[in-house]
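Visitor: Pasted the sequence and its predicted model underneath.
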Amino acid sequence: MKKGFTLIELLAVLAVLAIAAVIAVPTIGNSIQKSKQKAYEQQIYQIKNVTKTYIANNPTELDDGACINVQTLKKAGLLSGNSIIDPRTNEEINGSVIITYENNKYKYEYQENTCS
């Protein structure tokens with residue numbers, strides 16, 4: 001009696017592995033994209049919080065609203081590192097936080113563009 005696998009058994013195993021890969025690869029890809037998006041949102045949240053600290057230390061810059069860019073926050077020593085990288089695109093984040101006063105409270109909104 002010979003030991004080993006027949007061609008049909010090998011093809012069946014390959015078919016099962018192919019089906020498993022077809023199911024797993026998109027699921028893993030979606031999970032990675034969701035985690036990158038969540039990391040980006042956390043970075044933006046942190047930038048907004050640091051902007052609040054900056055405004056608390058420099059209240060004269062906030063009259064009827066303000067636009068504080070990421071470079072200003074870095075120069076003030078509130079953001080560490082040479083660059084903040086967007087995990088979705090691997091590009092540097094160089095946006096701004098626009099501060100407006102609405103309904104008796106300040107609103108902090110991040111935008112991709114830098115202010116002048």
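Guide: Received it, and whenever you're ready, just let me know what you need. Since we're looking at a predicted model, the values are computed, not measured.

Visitor: Quote the end-to-end distance of stretch 66-76.
Guide: Start-to-end span of stretch 66-76 (CA to CA, to the nearest Å) is 16 Å.

Visitor: So what touches it?
Guide: Residues outside stretch 66-76 that contact it (CB atoms under 8 Å, 6 or more residues apart in numbering): 47, 50-51, 54-55, 57-58, 61, 79, 84, 93-99, 114-116. Every residue, glycine included, has its C-beta placed from N, CA and C.

Visitor: List only those of these flagged as buried.
Guide: 47, 50-51, 54-55, 79, 84, 93, 95-99 (16 or more other CB atoms under 10 Å).

Visitor: if I pick the residue nearest in space to the middle of the chain, what's in contact with it?
Guide: Against the mean C-alpha coordinate of the chain, by CA atoms, centre = their mean, the closest residue is Tyr40 at 1.2 Å. Shown in contact with Tyr40 (CB under 8 Å, 6+ apart): Asp86, Pro87, Arg88.

Visitor: Let's see the pLDDT reported for the nearest residue to the first one once chain neighbours are set aside.
Guide: The reference is to Asp86. Nearest non-adjacent residue to Asp86, counting by CB to CB, 6 or more residues apart in numbering: Ile93, 5.2 Å away. pLDDT recorded at Ile93 is 88.

Visitor: Asn30 versus Ile93, what's the distance?
Guide: As judged by CB to CB, to the nearest Å, Ile93 and Asn30 stand 23 Å apart.

Visitor: just Glu92 next, same as before
Guide: If you go by CB to CB, the gap between Glu92 and Asn30 works out to 26 Å.

Visitor: Please apply the same query to Ser96.
Guide: Ser96 is 31 Å from Asn30, by CB to CB.
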